[in-house]
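Asks: Sequence first, predicted model second:
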Amino acid sequence: MYGRGKDVSAENMHQGFTHVFESAFESTEGLAEYVAHPAHVEYANLLLPCLEKIVAIDYKPTIVNLWLEK
């Protein structure tokens, strides 16, 4: 799964970042294959010099119960 979008938050906590590109993988192995893939490396080498700053976050989603019972 791939997604992208422009910041529209009213909270103004973006710290100067304006866009998000999101990718989802079935496993950490899938992520590793993507990162090492020649097409990804080629694209990253073209894109990264055009960016002022970047944040990359790799995480494993966890279900969180926001309505904790007392």
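Replies: The structure has been received and is ready for your questions.
Asks: end to end, how far does stretch 25-42 reach?
Replies: 20 Å (CA to CA, to the nearest Å).
Asks: List the buried residues of that stretch.
Replies: Counting neighbours by 16 or more other CB atoms under 10 Å, one finds that stretch 25-42 has no buried residues. All C-beta atoms are positioned from the backbone trio N, CA, C, and that covers glycine.
Asks: what about that stretch, average pLDDT?
Replies: When pLDDT is averaged over stretch 25-42, the result is 94.
Asks: Apart from its neighbours in sequence, what residue is nearest the spatially most central residue of the chain?
Replies: Taking CA atoms, centre = their mean, the centroid of the chain lies closest to residue 22, which sits 4.0 Å from it. Among residues not flanking residue 22 along the chain, residue 3 sits closest, at 4.3 Å (CB to CB, 6 or more residues apart in numbering).
Asks: how far away is the one you found from residue 45?
Replies: Noted for residue 3: a distance of 23 Å to residue 45, by CB to CB, to the nearest Å.
Asks: circling back: helix/strand/coil for the residue nearest to the centre of the chain?
Replies: On the three-state scheme (DSSP: H, G, I helix; E, B strand; the rest coil), residue 22 is labelled strand.
Asks: Report pLDDT for it.
Replies: pLDDT recorded at residue 22 is 85.
Asks: Quickly note the distance from it to residue 47.
Replies: Here the criterion is CB to CB. By it, residue 22 lies 15 Å from residue 47.
Asks: what's the answer for residue 17, then?
Replies: Taken as CB to CB, the span from residue 17 to residue 47 is 15 Å.
Asks: what do you get for residue 32?
Replies: In terms of CB to CB, residue 32 sits 20 Å off from residue 47.
Asks: Residue 30 - that's part of a strand, no?
Replies: No: counting by three-state DSSP, residue 30 falls outside a strand, being helix.
Asks: now residue 65: how far from residue 24?
Replies: With CB to CB as the criterion, residue 65 and residue 24 are 22 Å apart.
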